[in-house]
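A.B. asks: whatever this is, show me its structure:
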Amino acid sequence: MPNCPEVKPWDPAVAALQDFPITKYQPVYFLAESLQDAKLKMRKYCENLPRPFFALYNAQTETVHIDRPVRRAMGVPTPADDADNGA
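C.D. replies: Reported below is the predicted structural model:
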């Protein structure tokens, strides 16, 4: 069938680069062998992500401690941008 989506094996690295046009039905689905398989592959993928800083959540104070200054990437909205847009 021409409009059937493609089903690919679950690979977070491939899924992270997959384009998903918002004007069409989802063209690709990723299928894991099991929930355990999906979690394991996601954990392995996340272990290799670059981490320019380390964040630690303190549940007692409900705060996040970041170990060094962090610069916001260009194009990433700030809370002030949300306020300007009525969010």
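A.B. asks: can you tell me the helix or strand for Ala16?
C.D. replies: helix 12-17 (DSSP states H and E).
A.B. asks: same question, Lys44
C.D. replies: Going by DSSP H and E, Lys44 is in helix 35-47.
A.B. asks: now the residue nearest the centre of the chain. Nearest residue, chain neighbours left out?
C.D. replies: For the chain, the residue nearest the mean C-alpha position is Ala16 (7.5 Å; CA atoms, centre = their mean). When the adjacent residues along the chain are set aside, Ala16 lies closest to Tyr45, with 7.8 Å between them (CB to CB, 6 or more residues apart in numbering). Just so you know, the C-beta spots here come from the backbone N, C-alpha and C atoms, and that holds for glycine as well.
A.B. asks: for the residue lying closest to Ala38 once chain neighbours are set aside, the count of nearby residues, please.
C.D. replies: Nearest non-adjacent residue to Ala38, counting by CB to CB, 6+ apart: Ala32, 3.6 Å away. Neighbour count of Ala32, defined by other CB atoms under 10 Å: 15.
A.B. asks: tell me the contacts of Ala32?
C.D. replies: Counting by CB atoms under 8 Å, 6 or more residues apart in numbering, Ala32 makes contact with 9-10, 38, 41.
A.B. asks: distance of it from Arg43?
C.D. replies: 13 Å (CB to CB, to the nearest Å).
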